[in-house]
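Participant: compute the structure for the input listed below.
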Amino acid sequence: MKRMGLMLLCVTLIGTPSLPAFAADEDQPSAGEMAVDLVVARPLGVAITAVGSAVFLVSLPFTALAGGVGHAADELVKKPAQETFMRCLGCPVSGRYQAPR
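Facilitator: Predicted coordinates:
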């Protein structure tokens, strides 16, 4: 039993690097990716943006004294908001969707 499990693990590890060769076209997100993004990722992004904004407001007096308000705002508010609101539905990176040419 141990030998069979070890052989299965070796075959899986050897075959794993070849999986990206069979991946789907990355230009357009699929309907499944869009659905998961809409139902899971966007609400989670809104929650992370809200929590980051609250943390930013609480830390504002300390970051203002240290001179790091811009960096704190970028990391805690701007980046989560961009990933939530400035990303096309199902796309892995933020920015507006541009159709392939």
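Participant: could you point out the longest helix in this protein?
Facilitator: Scanning the chain for the helix with the most residues, using DSSP state H, yields helix 42-66.
Participant: list the buried residues of it.
Facilitator: Neighbour-count burial for helix 42-66 flags 42, 45, 48-49, 52, 56, 63 (criterion: 16 or more other Cβ atoms under 10 Å). All C-beta spots, glycine's among them, are computed from the backbone N, C-alpha and C.
Participant: now it, how far from the chain's geometric center?
Facilitator: Mean C-alpha position of helix 42-66 versus that of the full chain (Cα atoms, centre = their mean, to the nearest Å) differs by 18 Å.
Participant: tell me the helices and strands packed up against it.
Facilitator: Here helix 42-66 touches helix 69-73, helix 79-85, going by 3 or more Cβ pairs under 8 Å, 6 or more residues apart in numbering; DSSP states H and E.
Participant: what's that helix in contact with?
Facilitator: 69, 71-73, 75-77, 80-81, 83-85 (Cβ atoms under 8 Å, 6 or more residues apart in numbering).
Participant: now list the buried members of those.
Facilitator: By the neighbour-count criterion of 16+ other Cβ under 10 Å, the contacts of helix 42-66 include these buried positions: 72-73, 76-77, 80-81, 83-84.
Participant: nearest to Ser30, out of the helices and strands packed on helix 42-66?
Facilitator: helix 79-85 (19.5 Å; Cβ to Cβ).
Participant: got the CA coordinates for the closest one in PDB?
Facilitator: Only the C-alpha atoms of helix 79-85 are listed here, as PDB (Å, rounded to 0.1, in the frame of the first residue of the first chain):
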ATOM      1  CA  LYS A  79      -4.900  48.400  -3.800                       C
ATOM      2  CA  PRO A  80      -7.800  46.500  -2.400                       C
ATOM      3  CA  ALA A  81     -10.300  48.900  -3.900                       C
ATOM      4  CA  GLN A  82      -8.600  48.600  -7.300                       C
ATOM      5  CA  GLU A  83      -8.700  44.800  -7.200                       C
ATOM      6  CA  THR A  84     -12.400  45.000  -6.200                       C
ATOM      7  CA  PHE A  85     -13.700  47.700  -8.500                       C
END
